[in-house]
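In: how would this look folded up:
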Amino acid sequence: MLGPRATRAGTGAGAGGVDEAPGTATEAVSAVEAVLGEHLDARLREAARTDSVFAEEVASRVVGLALRGGKRLRTAFVWCGWLASGGTGDHLTPLRLGAAFELLQTCALVHDDVMDESPVRRGAPAVHEDFALMHRAGRMRGSSESFSAGAAVLAGDLALAWADDLLTDVALSHPYGPRLHQEWQAMRSEMIAGQYLDMRAQATGSADPAQARNVAVLKSALYTVERPLAMGAVLAAADTRTTDALRSAGRCAGLAFQLHDDLLGAFGDPAVTGKPADEDLRARKLTYLLAVALRLADASGDTEALAVLGPGTVTPDADTLARMRAALQRTGARAAVEEEIAALSASSLGHFASSGADPGARREFASLLARAVGTAPAGEEEDV
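Out: Next up, the predicted model:
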């Protein structure tokens, strides 16, 4: 059974077109849709055997979000790490690992939207908002807000369980399974630490650029690029030197990606990003962009920028949001962050080259990096 929000992305390895190894990271991204679709079909059938209401209302929403959009950059970076380390032979294993990352991302998106009270994700109602709509339409008892938040937490937990199950299957069937599992364990703790520190910074009104950068590394950079690259390398039995070079490349690239995402949060077009504009600004969220702007405003004595960007108890209106964006520009924060993205990208390419990857793998990585930091001509999305 497939619920109304679950859309099949593929029908398995053969029918999904992954009998042959993808030639590029872009082809790997296309191929993982079939692998992910097959895995989610099986999970949805299991859910239906457990309980039809659970399958229809919870599992189908997880499946729907997992299959709806995103650039699948984590899958692409797994593939790049595998290629850079001389990966040959079994191409389905890196694709299955990529699918596990996509489910982990689904968990992160569901929980993040609850914590940020974001109403839209990937151009559709966020999972908690969809539950609230169901609650109100069904004239259910109690608070729709309380019900929807709790249901969305459970949906995110289900996505995480499915991701863990798939990673475990991959690890148990691979000679370097213990190393894969160690990487996965560390990554989950890093993600939770980053999310908590993000919430804590919001609660304390922090404006520390170092703290904002640390949150960006823990919450996004590590699990978006560094861990996928490293785990792809593990699949290919890479040595320590190669893996360490890929880790360094991934950390720089991942931080550049998150800084670019911060810019989208302030200046992005919602028709392109799939999320409402100005969410970070409305919440005065401690992004690295905002922290740098406050530091520069303080150094230059720009009291107007300090006032409009500093902590406040009133949700900014349209005029205030325009003044905030102007302050981010005027203080030089936007330009400074763009310069840092360029420097991090250059460092990332240098580290990747030092891994010993062949020219083809280096070209693949450079193309992916350009997409991640918004310098490629392709359309952009805020979440990937």
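In: So for residue 148, what's the pLDDT?
Out: On pLDDT, residue 148 comes in at 96.
In: let's have the chain start at 762 instead
Out: Sure, I'll start numbering at 762, so the last one becomes residue 909.
In: and it, how many neighbours does it have?
Out: Residues near residue 909, counting by other C-beta atoms under 10 Å, number 22. Backbone N, C-alpha and C define where each C-beta goes, glycine included.
In: ok, so what distance separates it from residue 878?
Out: As judged by C-beta to C-beta, to the nearest Å, residue 909 and residue 878 stand 11 Å apart.
In: Now do the contacts for residue 1136.
Out: Contacts for residue 1136 were tallied using C-beta atoms under 8 Å, 6 or more residues apart in numbering; they are residue 1106.
In: just checking, it is part of a strand?
Out: No. Counting by DSSP: H, G, I helix; E, B strand; the rest coil, residue 1136 is located in no strand; its state is coil.
In: Buried residues, stretch 814-826. List them.
Out: By neighbour count with 16 or more other C-beta atoms under 10 Å, stretch 814-826 contains the buried residues 816-826.
In: Just the residues you listed: which are in helices?
Out: 821-826 (DSSP state H).
In: Kindly indicate which of those residues lies nearest residue 851.
Out: Set against residue 851, the nearest of those by C-beta to C-beta is residue 824 (26.2 Å).
In: So that closest one is in contact with residue 801, correct?
Out: Yes. With contact defined as C-beta atoms under 8 Å, residue 824 counts as touching residue 801 (4.8 Å).
In: quick one, strands of the chain?
Out: Secondary structure of the chain, counting by DSSP state E: strands at 881-882, 885-886.
In: Which of the ones you listed comes out lowest on mean pLDDT?
Out: Among the strands of the chain, strand 881-882 scores lowest, with a mean of 88.
In: Partner strands of that one and their direction?
Out: Strand 881-882 sits in its sheet next to strand 885-886 (antiparallel), going by DSSP bridges.
In: How about residues contacting the strand it pairs with?
Out: By C-beta under 8 Å, 6+ apart, the residues outside strand 885-886 that reach it are 829, 880, 891, 894.
In: Got phi/psi on the second one?
Out: Note on residue 880: backbone dihedrals following degrees, to the nearest 10 are phi -80, psi -20.
In: Also the first one?
Out: Taking degrees, to the nearest 10, you get phi -100, psi 90 for the backbone angles of residue 829.
In: Nearest spatial neighbour of it, chain-adjacent residues omitted?
Out: Residue nearest to residue 829 in three dimensions, not counting chain neighbours: residue 883, with 5.2 Å by C-beta to C-beta, 6 or more residues apart in numbering.
In: Please tell me how far the one you found sits from residue 874.
Out: Noted for residue 883: a distance of 10 Å to residue 874, by C-beta to C-beta.
In: Please identify which of the two sits among more neighbours.
Out: Applying other C-beta under 10 Å to residue 883 and residue 874 shows that residue 874 carries more neighbours, namely 23 against 18.
In: mind listing what the residue nearest to the more buried one when sequence neighbours are not counted touches?
Out: Residue nearest to residue 874 in three dimensions, not counting chain neighbours: residue 887, with 4.1 Å by C-beta to C-beta, 6+ apart. Residues in contact with residue 887 (C-beta under 8 Å, 6+ apart) are 871, 874, 879-881, 913.
In: Just the pLDDT for residue 887.
Out: On pLDDT, residue 887 comes in at 93.
In: Could you pull up phi and psi at it?
Out: For residue 887, the backbone dihedrals are phi -60, psi 160 (criterion: degrees, to the nearest 10).
In: Run a quick neighbour tally on residue 1124.
Out: If you count neighbours by other C-beta under 10 Å, residue 1124 ends up with 13.
In: err, residue 783, not the other one
Out: By other C-beta under 10 Å, the residues close to residue 783 number 19.
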